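Got a predicted model here, sequence first, then my questions.
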Amino acid sequence: TFNGVAATSIVVNGAGTSLTGTTPAGTAGNATVAVTTPGGTTTVPGGYTYALPGPTITFLSPNAGPTSGGTAFTIGGTNLTGASVTFNGVAATSIVVNGDGLSLTGITPPGPAGNMPVVVTTPNGSAAAPSGYTYS
């Protein structure tokens, strides 16, 4: 069990020395893992850590602006809490994430002319905007 919730698809090897299975859903953080057999129950040292999913990006608006930067932008997606944003590796400024982590706003940095990658990074991973940002 993980915090008292049963794992599924448990398979024990022939020697009875290891098992595999599928974790149940859980909340972010450490979970106590207990293994129960006819001989008793023991806990797994260190337990198991559930991590929050990484960010996703569903839109970037606007997706173009001047090479001088300074354009206000909005990114929509999921799991954006704690995000930083880069345009072609240069940090955007004034990043504000809304309370539910579904959108953020900021100001573009200067950049060279052309289409550049936009990357959102959180403590749980990174995501790239599908079409990038075009400086002109």
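That came through fine.

Identify the spatial nearest neighbour of the most centrally placed residue in the chain, chain neighbours not counted.
For the chain, the residue nearest the mean C-alpha position is Gly54 (1.0 Å; CA atoms, centre = their mean). For Gly54, ignoring the flanking residues on the chain, the nearest one in space by CB to CB, 6 or more residues apart in numbering is Gly125 at 2.7 Å. (C-beta placed from N, C-alpha, C; glycine too.)

Check Asn13 too.
Leu19 (7.1 Å).

My guess is Ala34 contacts Val44. True?
Yes: with contacts counted by CB atoms under 8 Å, Ala34 reaches Val44, the gap being 7.5 Å.

Contacts only, for Thr86.
Contacts for Thr86 (CB atoms under 8 Å, 6 or more residues apart in numbering) come out as Ala92, Val118, Val119, Thr121.

Now intersect those with the strands, please.
Among the contacts of Thr86, the residues falling in strands (DSSP state E) are Val118, Val119, Thr121.

Most neighbours out of these, which is it?
Val118 (23 neighbours; other CB atoms under 10 Å).

Quick check: chain neighbours aside, which residue is closest to that one?
Nearest one to Val118, counting by CB to CB, 6+ apart, is Ala129 at 3.9 Å.
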